[in-house]
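Asker: The sequence and its predicted three-dimensional model are supplied below.
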Amino acid sequence: MDCERKFSEELFGRSLAKAGDHILIALSGGSDSMFLLHMLKAASQKADIAISAFHLNHMLRPEAQGDELFVINACESLGVSLITQKSDIRLLAERKKLSIEEAGREERYRLLRQAAEKLGANLIATAHHADDNAETVLMRIIRGTGVRGLVGIKSRNGNIIRPMLAFTKEEILSCLEASGISYRQDESNFDSAYLRNRIRNTLLPLIKQENPKAVSALNRLSASAASYEDYISASAGMAGISYAQGCALASREKLRCLSGAVLESVVWQMASHINGARDLSAAVVLHVCALIRQGASSWAYSAPGAVFECSGDIVSASRDGFLTLAQKPVSFNIPLVVGSMQLLASSGVMVCSQVAGKAKKNWNNNKIMLLNYDKMDGKNLALRSRIQGDVFQPLGMPGKKTLKKFFIDEKIPEKLRDRVPIFTCGGEIALVGNYRIDDRFKVQPDTKNVLAIQIEYLEKGNGLQY
């Protein structure tokens, strides 16, 4: 087998890299990463790409120092620049209350990104291969997963590329032997304390006895799941999820109309925005979906890494929960993005805005405030909290009134006034929460364009008008 040709086809044929790229190699010194190093070195001599390497000494094994020296010598002999670092992964795992595997993975990627920035590398290459992907799929099936988990390891995730997924472990070892490339052996790969090792060394060999091409079969399943998931994710992306200030929100009524697979994808996307790459189990996702579909309009559920809540028509995901975030409102001043759903997480307020040619029938209620957009278009529209000295002209009044006096007359408690969103146009107050429109921005008989604004306070029973 022509390993270099096959590798080059994967690297460039799948558009994982192109001329002018600088690729940082995650180099452990093991068989897989040494194969990656030599393949990328060969590719760099034929194409206009630069390569460098990064090695992390995890300080977990007595042989770790030997691994580091081996990698240093290998890179020197190939003329590849190398950055090495040490990190006490065991101590890090204890501090973060993570498994050694999780702590090691987090630290590796953190330091890889740091090294890439230092070296000016725009891509990071890891040595994951077809057997790794098959093991990942099996591990997720065992732990419990949906279709998303069957996707396994992606060939590209942001600036991280994995150009070896078309190679089996057997092919890699064969290529290394034929080329006389040496590598280090990590004895921890045989430690049955780790689930992945039990799958690799015990379960997968048993499966191969039934189907010698099990690795290929599992990778085909992974590819099919990826195609399905791409379609479902695209559909979920149209569900109107709003992201802001460490929170994700969506309309409960809209979510309840989605199919099961799309709703599951929405829940996963909302959680992913909060907790990064941590995957939720299928059971957790299904439980949140069930809560969304139930009739209850108010609930909270703490999932791994995210708190899901429902209040009225708003379903939210955040790290600590909206009720916690909204306990101590802080001042805010942000542009009003017309036609969107905006979250003021610190105040527990959700604002939806929409422009239309004329007011719809279902807009004729006190939950939706209508403004004359003809007078606002082209001007700076903002959403802010109150400031000292605010004045406006309440609808129907001939003169102006201080906002403070208005709040007093409306009997809005002092402690809640900072949560009331103030809408401004060109610096002038156009609307005070759900309470009053400024007379200058009222809808007239000849108004052509109407701006509709709906405000939701995500904590019910707080004394504010909805």
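Answerer: Thanks, I have the structure now.
Asker: Any figure for the gap between the residue of the chain most remote from its centre and D439?
Answerer: In the chain, P398 marks the outermost C-alpha relative to the chain mean, sitting 50.4 Å out by C-alpha atoms, centre = their mean. Remark: distance between P398 and D439 (C-beta to C-beta, to the nearest Å) = 8 Å. Quick note: C-beta positions are derived from backbone N, CA and C, even for glycine.
Asker: before we move on, what about G389?
Answerer: Separation of G389 from D439 (C-beta to C-beta): 19 Å.
Asker: thinking again about what came up before, may I have the phi/psi pair for the residue farthest from the centre of the chain?
Answerer: Torsion angles at P398 (phi, psi; degrees, to the nearest 10) stand at phi -80, psi -20.
Asker: what about the helices in the stretch 201-350 of the chain?
Answerer: In the stretch 201-350 of the chain, the helices defined using DSSP state H, counting those that start in this stretch lie at 204-210, 214-236, 252-256, 260-275, 282-293, 322-325.
Asker: Reformat those helices as TSV; add distance to Q342, mean pLDDT and mean neighbour count.
Answerer: Listed next are the helices of the stretch 201-350 of the chain as TSV, based on distance: least, C-beta to C-beta, whole Å; pLDDT from 0 to 100; neighbours: other C-beta atoms under 10 Å:
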stretch	distance to Q342	mean pLDDT	mean neighbour count
helix 204-210	49	96	12
helix 214-236	20	93	16
helix 252-256	16	90	16
helix 260-275	15	87	21
helix 282-293	21	89	17
helix 322-325	14	50	20
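Asker: quick one, which of those helices is nearest to R105?
Answerer: helix 260-275 (14.7 Å; C-beta to C-beta).
Asker: who does the closest one touch, helix- and strand-wise?
Answerer: Applying 3 or more C-beta pairs under 8 Å, 6 or more residues apart in numbering; DSSP states H and E, one finds that helix 260-275 contacts helix 147-150, helix 214-236, strand 247-251, helix 282-293, strand 306-311, strand 314-318.
Asker: Mind doing that once more with 7 Å?
Answerer: helix 214-236, strand 247-251, helix 282-293, strand 306-311, strand 314-318 (3 or more C-beta pairs under 7 Å, 6 or more residues apart in numbering; DSSP states H and E).
Asker: So this protein: which segments form each domain?
Answerer: Split into domains by automatic domain parsing, the chain comes to 3-227, 244-325, 333-457.
Asker: weakest of the ones you listed by average pLDDT?
Answerer: Mean pLDDT per stretch puts domain 244-325 lowest among those, at a mean of 81.
Asker: is it true that I453 lies in a helix?
Answerer: No: assigned with DSSP: H, G, I helix; E, B strand; the rest coil, I453 falls outside any helix and is strand.
Asker: burial count for it?
Answerer: Around I453 there are 23 other residues, counting by other C-beta atoms under 10 Å.
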